[in-house]
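K.L.:
Have a look; sequence and predicted model below, questions after that.
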Amino acid sequence: MARLYEMCNDVNSDEILMDREEMTNEEKERLLARMKADKTISMGKGRKAGKVAAWAAAAAVIAIIVLPNTSPQIAYAMSQIPILGNVIKVITVREYNYESERFEAKIDEVQLEQESSDDATADKTNESISAINESIEEMTDRLIAQFEEQVQAGESYGGVYVDHQVVTDTDRWFTLKIDVAEVAGSGTQYQYYYHIDKTTGEIAQLKDLFKEGADYITPISENIKKQMRERMAEDDYLFYWVEADETGWQFEKIKEDQNFYLNDQGQIVICFDEYEVAPGYMGLVEFTVEDDAVADILK
């Protein structure tokens, strides 16, 4: 369990951004336009949209500085508290906001809580929730610290936006998704997924969906490659690194701990961060694994 959440906090966004070429002014204009459009849509749909709430202004030209609000008490009192099923709820415990001419941050830190329960899995669920909450807090602290270093340096412009969505909440399964978007010369998006198997109270990984010892990586990877080729054949705009490009990079297989969630039909949806299997303009990429690809190895 500890290793699962160490991996979440192993992401070094500075390294991710350094790997991207410096954006041209034209590319920055397009990125900001896309952010503003996404913000308009997100405001119309509310939090259910699952969009990063603050894509609106990575480099807002507003001279007012809003001091960071890091009071857990204030944030808690003002937060929405949606009840998730009969077992788990999510609350916003901290809101960090900053805005100047060249820098902006909108970060919501959430925590999980279990409703009172006499269920045999209650103690294990609380243990899992504690581990997830610790991971989210560490991730939030890291992003805030990085942003404040950026502001202190005062170079270029930058922004960081963090939002969340409960993507699965059934009698058997719970998944919380954390969306992160960072802008610093270039922009990048990535996600964290936190899963709890309600039948056991355990933190879950992709491998936990399959029979003990089953090779799930190969059939899922091959099915995704098949879907990549099909999508590209149908739409010239789409492009995936299913074949080696000029740099030699090629998507070969998913990671053992690949991001995923279960959709409304109980199907496995494999999630890739920006630049993971496709060029940056493709954004975050998802593939729903076809049922017959894994039917024989599912638990």
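P.N.:
Yes, it's here. Since this is a predicted model, take the numbers as computed values, not measurements. Residues are numbered from 1 along each chain as shown.
K.L.:
and residue 177, how many residues sit next to it?
P.N.:
For residue 177, the count of nearby residues is 18 (other C-beta atoms under 10 Å). C-beta coordinates here come from the backbone N, C-alpha and C atoms, glycine included.
K.L.:
secondary structure element for residue 106?
P.N.:
For residue 106, the host element (DSSP states H and E) is strand 103-114.
K.L.:
Show me what whichever helix or strand comes after that strand packs onto, helices and strands only.
P.N.:
Counting by DSSP H and E, the next helix or strand C-terminal to strand 103-114 is helix 122-153. Helix 122-153 sits against helix 2-9, helix 13-18, strand 88-99, strand 103-114, strand 158-169, strand 173-184, strand 186-197, strand 202-203, with contacts defined as 3 or more C-beta pairs under 8 Å, 6 or more residues apart in numbering; DSSP states H and E.
K.L.:
and these as CSV, adding mean pLDDT and distance to residue 127?
P.N.:
Shown next, in CSV, are those (pLDDT from 0 to 100; distance: least, C-beta to C-beta, whole Å):
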stretch, mean pLDDT, distance to residue 127
helix 2-9, 42, 11
helix 13-18, 43, 29
strand 88-99, 96, 13
strand 103-114, 96, 10
strand 158-169, 96, 19
strand 173-184, 94, 14
strand 186-197, 92, 10
strand 202-203, 96, 9
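K.L.:
would you turn these into JSON lines with distance to residue 133?
P.N.:
Shown next, in JSON lines, are the helices and strands packed on helix 122-153 (distance: least, C-beta to C-beta, whole Å):
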{"stretch": "helix 2-9", "distance to residue 133": "10"}
{"stretch": "helix 13-18", "distance to residue 133": "21"}
{"stretch": "strand 88-99", "distance to residue 133": "9"}
{"stretch": "strand 103-114", "distance to residue 133": "5"}
{"stretch": "strand 158-169", "distance to residue 133": "13"}
{"stretch": "strand 173-184", "distance to residue 133": "10"}
{"stretch": "strand 186-197", "distance to residue 133": "9"}
{"stretch": "strand 202-203", "distance to residue 133": "12"}
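K.L.:
so which of the ones you listed gets nearest residue 253?
P.N.:
Residue 253 lies closest, by C-beta to C-beta, to one member of the helices and strands packed on helix 122-153: helix 2-9, at 17.1 Å.
K.L.:
Contact partners for residue 285?
P.N.:
240, 271-272, 276-278 (C-beta atoms under 8 Å, 6 or more residues apart in numbering).
K.L.:
Please apply the same query to residue 197.
P.N.:
172-173, 203-204, 208.
K.L.:
Give the bridge partners for it, please.
P.N.:
Under DSSP bridges, the beta-bridge partners of residue 197 are residue 173, residue 202.
K.L.:
Looking at the contacts of residue 285, which two lie furthest apart in space?
P.N.:
240 and 271 (14.1 Å).
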